[in-house]
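>>> okay, here's the prediction I keep looking at, along with the sequence it came from:
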Amino acid sequence: MNTLLVPLDHTASAEHLLAYANKLAVRWPAEIVLLYCQPPAADAAAPTSPSGADLAAEEQRLRSLVERLRYQQLTRHDGRRIRYHYRVLRGCLHDHIAAEAARCAAQLVVMSLEHVDCGRQEAPGNHAAAIADLIACPVLVVPPGRRPLPSRLVFSADFSTLPLHTLPRLSALAEAFPGTLDLVQFYAPTERSRRLALKQAQTRALRQLTWPHAHTHLLEDESALEGVSDFCARQQAQLLIIAPASRAELLRYFDACYTTTQAYHTRIPVLVLRSAGTPAYTVCCGKCAERLTREQMQANLLLQSARPA
């Protein structure tokens, strides 16, 4: 049985996230592990950590949400098909996500773009980028709002450097996300001499994938990220798949300048595909925050230098 690990918080988008995960679990099919991490209270007068009664109350809150959506969203048959498991833990999601993904052998983590962790809201997307950096399995980042499962998909990567052994992990998700798949790669004007090599790399990647309707696109653009957002808009894509080559590249996808302006790729789910065998970094929340700040500054500098004067 396939397994979706779904971290939830108490934001308004949590209901939309679970509704999306329910649709995915019915289609695939898969079971759902709901994970809620309760951080210590910020109030000095409150207990330093949640009690067993607090955790039991949070689990009941999750069960109530599940039953309400099961009744409102799913048919009786589909509602009975999904098996739910509940994990309520003390601490921050950063501290537990790697161990929980390994414990339940998750094939996919489905999380909200605006997830709140450690009692604070990260800049939109930064938290999702940090979680994707901590685990090896793919992460599906879902923006707020109700949406259907995708039938038009775009896969953007540098296929000339993407390891082919990464692609079977994506092919394993073909049943969950059937539809038309467009493989797109952008190159700068200075790279025109590499067009043939880039096209051949796309063809090799295409042969490793199991989508019945897949096409390749090789396009020239100074900014690959802005190019892919425009391409997704033209194709009316409903899911963007990315395989970032570095953490800085991943952070750029969720940069505040794109989320603030509601660039197209921030308004559709984004599936982050890690290279198989790439080590995940399991560090504490403080170190994660320091690293994120440092890399976000670097990413912003790169974005500013790439923009025309």
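Cool, got the structure.

>>> can you report how many residues neighbour Q202?
One way to gauge burial is a neighbour count; for Q202, by other CB atoms under 10 Å, it gives 22. Backbone N, C-alpha and C define where each C-beta goes, glycine included.

>>> nearest residue to it in space, please, no chain neighbours.
Leaving out its chain neighbours, the residue that sits closest to Q202 by CB to CB, 6 or more residues apart in numbering is T216, at 4.4 Å.

>>> check contacts around that neighbour.
Residues counted as contacts of T216 (CB atoms under 8 Å, 6 or more residues apart in numbering) are 182-184, 199, 202-203, 206.

>>> repeat for T203
For T203, the contacting residues are T216, by CB under 8 Å, 6+ apart.

>>> measure the residue nearest to Q202 to E222 for me?
Computed with CB to CB, to the nearest Å, the distance linking T216 and E222 is 21 Å.

>>> likewise for D133?
When D133 is compared with E222 (using CB to CB), they lie 27 Å apart.

>>> looking at those two, which one has more neighbours?
The residue with the greater number of neighbours, taking D133 and E222 and applying other CB under 10 Å, is D133; the counts read 23 against 14.

>>> and the closest residue to the more buried one other than its chain neighbours, how many neighbours does it have?
Setting aside the residues directly before and after it, D133 is nearest to R247 in space (CB to CB, 6+ apart), at 5.5 Å. As a burial measure, R247 scores 18 neighbours (other CB under 10 Å).

>>> which residues of the stretch 201-309 of the chain fall in helices?
Read by DSSP state H, counting those that start in this stretch, the stretch 201-309 of the chain holds these helices, from start to end of the chain: 224-235, 247-253, 256-260, 285-306.

>>> ok, the stretch 1-150 of the chain next?
So, for the stretch 1-150 of the chain - with DSSP H, counting those that start in this stretch - the helices run 13-27, 52-73, 76-81, 93-103, 126-132.

>>> buried residues in the third one?
By neighbour count with 16 or more other CB atoms under 10 Å, helix 76-81 contains the buried residues 78-79.

>>> give me the distance from it to the chain's centre.
Remark: helix 76-81 is offset 26 Å from the chain centroid, using CA atoms, centre = their mean, to the nearest Å.

>>> please apply the same query to the longest one.
Taking the mean C-alpha point of helix 52-73 and that of its whole chain, the gap between them comes to 24 Å (CA atoms, centre = their mean).

>>> mean pLDDT for the helices of the stretch 201-309 of the chain: which is lowest?
Mean pLDDT across the helices of the stretch 201-309 of the chain is lowest at helix 285-306; the value there is a mean of 50.

>>> quick check: the residue nearest to D133 vs R27, distance?
31 Å.

>>> any regions of the stretch 51-200 of the chain where pLDDT drops low?
Judged against pLDDT under 70, the low-scoring parts of the stretch 51-200 of the chain cover residues 119-124.

>>> next, give phi and psi for D182.
Taking degrees, to the nearest 10, you get phi -110, psi 120 for the backbone angles of D182.

>>> now swap in L173 and tell me
Here L173 shows phi and psi, under degrees, to the nearest 10, equal to phi -100, psi 0.

>>> nearest spatial neighbour of Y264, chain-adjacent residues omitted?
A233 (4.2 Å).

>>> count of neighbours near S51?
Taking other CB under 10 Å as the criterion, the count of residues near S51 is 10.

>>> again, but for D117
The tally of other residues near D117 (other CB under 10 Å) stands at 22.

>>> enumerate every residue touching it.
When contacts are counted by CB under 8 Å, 6+ apart, D117 is found next to 9, 37, 39, 92-94, 127, 285.

>>> make a markdown table from the residues you listed and add neighbour count to it.
Converted to a markdown table, the contacts of D117 look like this (neighbours: other CB atoms under 10 Å):
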| residue | neighbour count |
| --- | --- |
| D9 | 20 |
| C37 | 22 |
| P39 | 18 |
| C92 | 20 |
| L93 | 25 |
| H94 | 22 |
| H127 | 28 |
| C285 | 16 |
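
>>> nearest to T259 among those?
Proximity of the contacts of D117 to T259 (CB to CB) peaks at H127, which lies at 11.7 Å.

>>> distance of the nearest residue to the closest one once chain neighbours are set aside from P178?
Here the nearest residue to H127 in space, its sequence neighbours aside, is H115; by CB to CB, 6+ apart that works out to 5.2 Å. Applying CB to CB, the value for H115 to P178 is 27 Å.
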